[in-house]
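model the following, please.
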Amino acid sequence: MDLATGAMGSLLPKLFELLADEYKLPKSVKEGVRSLEKEMKSMHAALRKVAEVPRGQLDEQVRLWAAEVRELSFDMEDVVDKFLVRVDDDSEPATNTNKLKLLIEKMANFFPKLKTRHQIADAIKDINKQVQEVANRRGRYTVDNIVARIAPATTIDPRLKALYTEVTELVGIAGKRDHELMNLLSEGDNVSRKKLKIVSVVGFGGLGKTTLVKTVYDKIKGGFDCSAFVPVGRNADANKVFIDILLDLGMYESHLTMLEERQLINKLRERLENKRYLIVIDDIWDEKLWEIINLAFSSSNNFGSRLITTTRIVSVSKLCCSSTHHSIYQMKPLSSNDSRRLLYKRIFPHESGCPLEFEEVSTDILKKCGGVPLAIITIASLLASGQQVKPKDEWRVLLESIGRGLTEDPSVEEMLRILSFSYYDLPSHLKTCLLYLSMFPEDYEIRKDRLIWMWISESFVQCEKAGASLFEIGETYFNELVNRNMIQPVYGYMGTEVKACRVHDMVLDLISSLSKVDNFVTVLNGTGDSMSSQSNIRRMSLQNVRKEEGCQATPLESVSTLQVRSIATFEPAAIGLMPPFLSLVVLRVLDLNGCGIGEHNLGNLGSLLHLRYLGLAETGISKVPEEVGKLQFLQVLDLSSNFDIKELPSAVIKLRRLMCLLIDSRCKRFLDGLGNLTSMEVLRDITVDSISTVKELGNMKRLRELGIRFDNLSLELEEAFVESLGKLSNIQSLVINFDGDEILADILGERWMPPRSLQKFVTMGDVKFSTLPAWIRRNPSHLSKLSKLLICVDQVGQECVEILGRLPALRSLLLVSFRQSGPLLVVAGGFPCLTSFEWFCQPP
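Numbers count the residues shown, from 1 in each chain. Next up, the predicted model:
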């Protein structure tokens, strides 16, 4: 499924399936289905061509026709899906006759009017009629003959991290802006320096305000008693801002969300009393919001505290700095030299610089970027396709397309127009994946694996080769969006892995606008304004729900939920807006991450028969309903960070399509029959003490990621574990945890031979090896993809260091040892890719 073609990509295979003999459709109906399939293939191709043309350049009639076909494809897929849904009652396989009877019974729950094959036939006939009417209209319109490009599988461009470093330097260090800002924070005599000082950084979107302030914050926060960096954004809730500050300050009290505004202000004032603090409030849009936030910061603080705000709005910055003691820092665009440096850094290799033939056109393009870093990076990504620089004539075409640019019109509209070039340059499937990010709120850190699984559950990720991993294909989509600077990577603890992403607020503006126009994502907050004009909602994002609004579920009753495919909630109060599960008859994705729902809100969960993704992380539930076993299409079940779940229901082993199961290691009682889940690719973080359960892991041939914790690791259990690991030929990530008396894992070290696919090996807690594992010692080059290694070894010597240095892809190494045999040296050519190294040598 993608934005350009609606549900066509997933619909066509289902039409083919509908022709299977087991459904016993009459011959005339099968002919109707074949006719549908043929016509929809033709429309599919036409829609792909339409998608290559920017919306503003499309003929209005063509645009309306394309929208009509997309909506029709959704309706068709819903009808077909409801018919194809299987009945699985764990009994012996039914005969075709019995299966059809069961199907018809099941369909009665969905289709009051479609209880027999004849009525299915009527539905097909009606759809065919609609399709023919749409097809006839197509003949009167013209579609430009543009061929869609398929994006190749890719990894994240290694230059990207350097590029983001370069942006930081240009926004801060190279322009001496960080020094200017730090001077503002520290100026004054001894008396004035002790007073609370507020500095507000102001400038339009894309200038790098957040980058500059974060650079300064990271440099100086060590000189303060406590610090916090909190993003705000539009339509922000003061309570959430206060809670985020308290969390950053280390206050993790569970009742914070229950407190009122006055109570939170008092809590924050108490927390900051008699402390020298540094707090950043990033991206304030509303003057009234600032007036409320400011109540939490006492002007009588005389410990040298500093408060930094960023905003696009001059009046907000003036309000922040209403006292003469405070300062406003006006953010200005990059200089010509710095702009040129940033553009060339992205496009050309360091050693060659800009070829002479590109100098004139690049200068003209940079003039139109107006010194705005976001615009420069966006344009640079268009001009550098992969590792190749586009021809000069394409640079000229782009120059003419930009128009006036930001030099004459530094407005939001002009910035969005520049960003739209990058959007329309994306292949069709990447456009869809990018637009899905409009489901997430502003400044939200989106976990990479969560996002990719949601794409998969919506059928955005298509597998063209048998046996290929959908997740790995989705990962190439993610990496390509990073490479094109459409999303910003967020690196993990050791700075070597991309764990998440953020969307720049200007990019979010663009994709939110496009999503709204194409009815792709609908953002609701429960207010009358947000609900009044909504119909045929496909994807529902519940955001910025105030506590008092969240208690009223009635607004959503006026909204049609029969076609909703995704629901995501981002506020605890949003659970009050959730429509009844019984009304969500085609729902694929349900993400309630972070909402304190309680078990009482999971009634009728088993009615969501088409559900692929169920996100219940951090929801506070203590029990998983047995009804989960009815979700036969479920691919992802995220139960992580629910510390009160002690066991899983036995019904989970019925989920034969389950690919990802995330639970908390406090869940001690695991399932018998685990080996039945043969589609599993990701299993974290299970606690195991049973030999039979460990043996069943060996049946999960597709497993790529395993996080496992042992309470007791006997010799027999370790041997069974090593035997099962030997059967997992696709394992990429293995994390082993043991908390108790220190154990030696030498059987694992000596007998296991990991596959070449291994990328990450981590031991935690009290797991220790006597010496470097044999599977590393024997042939380091065999581990050609191992990039992250966290390991505890009793004794480390020179030979150990030299062997580790021959791991060709190792980027992150954390080594714990108890003894060191003499001085250790890194030989020339060792550790060719290492970027992060930590070594803890502890006494035994």
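
alpha carbons of stretch 631-643, in PDB - could you do that?
The C-alpha coordinates for stretch 631-643 follow below in PDB (Å, rounded to 0.1, in the frame of the first residue of the first chain):
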ATOM      1  CA  LEU A 631      -5.700 -12.000  16.500                       C
ATOM      2  CA  GLN A 632      -4.600 -14.400  13.900                       C
ATOM      3  CA  PHE A 633      -3.000 -11.800  11.600                       C
ATOM      4  CA  LEU A 634      -1.000 -10.200  14.500                       C
ATOM      5  CA  GLN A 635       2.700  -9.600  13.500                       C
ATOM      6  CA  VAL A 636       3.900  -7.400  16.400                       C
ATOM      7  CA  LEU A 637       3.000  -7.600  20.100                       C
ATOM      8  CA  ASP A 638       4.800  -4.900  22.200                       C
ATOM      9  CA  LEU A 639       4.300  -5.400  25.900                       C
ATOM     10  CA  SER A 640       7.600  -3.900  27.000                       C
ATOM     11  CA  SER A 641       8.000  -1.700  30.200                       C
ATOM     12  CA  ASN A 642       4.900  -3.300  31.800                       C
ATOM     13  CA  PHE A 643       6.600  -4.400  35.000                       C
END
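
what comes up buried for it?
Buried residues in stretch 631-643, counted by 16 or more other CB atoms under 10 Å: Leu631, Gln632, Phe633, Leu634, Gln635, Val636, Leu637, Asp638, Leu639, Ser640, Ser641, Asn642. In this view, the C-beta of every residue, glycine as well, is placed from N, C-alpha and C.

same deal with stretch 382-397?
Neighbour-count burial for stretch 382-397 flags Leu382, Leu383, Ala384, Val389, Trp395 (criterion: 16+ other CB under 10 Å).

same question, stretch 488-508
So for stretch 488-508, counting by 16+ other CB under 10 Å, buried means 488-489, 494, 496-498, 500-508.

also stretch 307-315?
Buried residues in stretch 307-315, counting neighbours by 16+ other CB under 10 Å, are found at Leu307, Ile308, Thr309, Thr310, Thr311, Arg312.

OK, contacts around the third one?
Just to be clear, that refers to Thr309. Ile198, Val199, Ser200, Val201, Val280, Ile281, Asp282, Ile284, Trp290, Val316, Ser317, Cys320 (CB atoms under 8 Å, 6 or more residues apart in numbering).

give the bridge partners for it, please.
As for beta bridges, Thr309 partners with Ser200, Ile281 under DSSP bridges.

from Ser317, how far out is it?
7 Å (CB to CB, to the nearest Å).

and for the fifth one?
Thr311 sits 5 Å away from Ser317, going by CB to CB.

overlap in contacts, those two.
In contact with both Thr311 and Ser317: Ser200, Val201, Val202, using CB under 8 Å, 6+ apart.

re the thing from before, identify, from the contacts of Thr309, the entry nearest to Leu451.
The closest of those to Leu451 turns out to be Asp282 (CB to CB; 22.6 Å).

wouldn't that closest one be in contact with Pro231 here?
Yes - under the criterion of CB atoms under 8 Å, Asp282 makes contact with Pro231 at 4.7 Å.

need the overlap of contacts for the two.
Counting by CB under 8 Å, 6+ apart, the shared contacts of Asp282 and Pro231 are Thr210, Asp443.

neighbour-wise, which of the shared contacts of Thr311 and Ser317 leads?
Taking other CB atoms under 10 Å as the neighbour criterion, Val201 ranks highest of the shared contacts of Thr311 and Ser317 with 27 neighbours.

so Gly208 makes contact with Met331?
Yes - Gly208 lies in contact with Met331 (CB under 8 Å); the separation is 7.2 Å.

show me which of those two is the more surrounded one.
In this view Gly208 and Met331 are compared by other CB under 10 Å, and Gly208 has more residues nearby, 24 against 18.

tell me the pLDDT of the more buried one.
Looking at Gly208, its pLDDT is 83.

show the backbone phi and psi for it.
phi 100, psi 30 (degrees, to the nearest 10).

check Ser817 too.
Ser817 adopts backbone torsions of phi -140, psi 160, taken as degrees, to the nearest 10.

so in terms of bridging, what pairs with it?
Going by DSSP bridges, Ser817 forms beta bridges with Val793, Cys841.

ok, it - how many residues close by?
For Ser817, the neighbour count with other CB under 10 Å is 21.

wait, it touches Cys841, no?
Yes - counting by CB under 8 Å, Ser817 does reach Cys841; the two are 5.3 Å apart.

shared neighbours, these two?
Shared contacts of Ser817 and Cys841, defined by CB under 8 Å, 6+ apart, are found at Val796.

what about the longest strand in this protein?
Longest strand of the chain, by residue count under DSSP state E: strand 733-744.

what helices and strands are in contact with it?
Under the contact definition 3 or more CB pairs under 8 Å, 6 or more residues apart in numbering; DSSP states H and E, strand 733-744 sits against strand 682-688, strand 705-710, strand 760-768.

that strand: partners in the sheet, and parallel or antiparallel?
Here, using DSSP bridges, strand 733-744 pairs with strand 705-710 (parallel), strand 760-768 (parallel).

relative to Ser35, which of those is closest?
Taking those one by one with CB to CB, strand 705-710 is closest: 44.7 Å.

let me see the contact set for Trp395.
Phe358, Val361, Ser362, Ile365, Leu383 are the contacts of Trp395 under CB under 8 Å, 6+ apart.

same deal with Ser513?
Counting by CB under 8 Å, 6+ apart, Ser513 makes contact with Leu416.

what about it, which SS state?
Three-state call for Ser513 (DSSP: H, G, I helix; E, B strand; the rest coil): helix.

quick one: it from Val523, how far?
12 Å.

circling back to that earlier point, okay, and the common contacts of Thr309 and Ser317?
Common contact partners of Thr309 and Ser317 (CB under 8 Å, 6+ apart): Ser200, Val201.

circling back: tabulate the strands paired with strand 733-744 (a markdown table), appending distance to Ser35 and mean neighbour count.
Formatted as a markdown table, the strands paired with strand 733-744 follow (distance: least, CB to CB, whole Å; neighbours: other CB atoms under 10 Å):
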| stretch | distance to Ser35 | mean neighbour count |
| --- | --- | --- |
| strand 705-710 | 45 | 22 |
| strand 760-768 | 51 | 18 |
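
export these as CSV, with columns for mean pLDDT.
Output for the strands paired with strand 733-744, formatted as CSV (pLDDT from 0 to 100):
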stretch, mean pLDDT
strand 705-710, 94
strand 760-768, 91
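
Throw those into CSV and include distance to Asp741, thanks.
Putting the strands paired with strand 733-744 into CSV (distance: least, CB to CB, whole Å) gives the following:
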stretch, distance to Asp741
strand 705-710, 12
strand 760-768, 7
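
for the ones you listed, which one sits closest to Gly188?
strand 760-768 (48.3 Å).

other residues contacting the closest one?
So strand 760-768 is contacted by 709, 732-745, 754, 769, 786-794 (CB under 8 Å, 6+ apart).

for the residue lying closest to Ala384 once chain neighbours are set aside, give me its contacts.
Distances taken as CB to CB, 6 or more residues apart in numbering put Ile347 closest to Ala384, at 4.5 Å, once the chain neighbours are dropped. By CB under 8 Å, 6+ apart, the contact set of Ile347 is Cys354, Ala380, Leu383, Ala384, Val389.

could you dump those residues to TSV with distance to Leu592 and secondary structure?
As requested, the contacts of Ile347 are arranged in TSV below (distance: CB to CB, whole Å; DSSP: H, G, I helix; E, B strand; the rest coil):
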residue	distance to Leu592	secondary structure
Cys354	50	coil
Ala380	39	helix
Leu383	42	helix
Ala384	40	strand
Val389	46	strand
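
for these, which one is nearest Ser541?
Among those, and counting by CB to CB, the member closest to Ser541 is Ala380, at 30.9 Å.

wait, the closest one sits on Leu343?
Yes - assessed by CB under 8 Å, Ala380 is found in contact with Leu343 at 5.2 Å.

right, I'll leave it there.
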